[in-house]
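*Asks:* sequence and predicted structure are below.
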Amino acid sequence: MTKFTDLHCKEVICVCDGRRLGFISDARIELPEGKITAIIVPGPCRHFGLWGHRDDFLIPWNCIRRVGPDIVLVDVKPEECRIPRSKFPFLL
């Protein structure tokens, strides 16, 4: 069993190309079971961080291959899991 506190702030690395996607900042949780269905990683900063972040990565739980002490390995194409920051379907 994995708790979100065990995942928070771990670095996410894509096993397809070795790219560093960033650090886990949030999770999508299915209620009332409390099951984690996806992790959310903020996209890279724009122009030295002055204009915020680009689109975020919404990585489905079934794409996670290994959770280590410091990193999470995922098998996903980053272009396919990108979502615009303002269009999270689960935020009000």
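*Replies:* Arrived safely.

*Asks:* can you show me the CA trace of stretch 27-36 as PDB?
*Replies:* Once non-C-alpha atoms are left out, stretch 27-36 reads as follows in PDB (Å, rounded to 0.1, in the frame of the first residue of the first chain):
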ATOM      1  CA  ALA A  27      -2.400  13.300  -6.900                       C
ATOM      2  CA  ARG A  28      -5.800  12.500  -8.400                       C
ATOM      3  CA  ILE A  29      -7.700  10.400  -5.800                       C
ATOM      4  CA  GLU A  30     -10.800   8.300  -6.400                       C
ATOM      5  CA  LEU A  31     -13.400   8.800  -3.600                       C
ATOM      6  CA  PRO A  32     -14.800   7.300  -1.400                       C
ATOM      7  CA  GLU A  33     -12.200   4.500  -1.700                       C
ATOM      8  CA  GLY A  34      -9.200   6.900  -1.400                       C
ATOM      9  CA  LYS A  35      -7.400   5.200  -4.300                       C
ATOM     10  CA  ILE A  36      -4.700   7.200  -6.100                       C
END
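
*Asks:* contacts for that stretch, please.
*Replies:* Contacting residues not belonging to stretch 27-36 are listed as 2, 4, 7, 37-40, 58, 61, 90 [Cβ atoms under 8 Å, 6 or more residues apart in numbering]. For glycine as for every other residue, the C-beta is placed from the backbone atoms N, C-alpha and C.

*Asks:* what residues sit buried inside it?
*Replies:* The neighbour-count check on stretch 27-36 (16 or more other Cβ atoms under 10 Å) flags 28, 36 as buried.

*Asks:* now stretch 59-71
*Replies:* The neighbour-count criterion (16+ other Cβ under 10 Å) identifies 59, 63-64 as the buried residues of stretch 59-71.

*Asks:* what about it, distance to the chain center?
*Replies:* Distance of stretch 59-71 from the chain centroid (Cα atoms, centre = their mean, to the nearest Å) equals 9 Å.

*Asks:* quick one: average pLDDT of that stretch?
*Replies:* pLDDT averaged over stretch 59-71 equals 93, rounded to a whole number.
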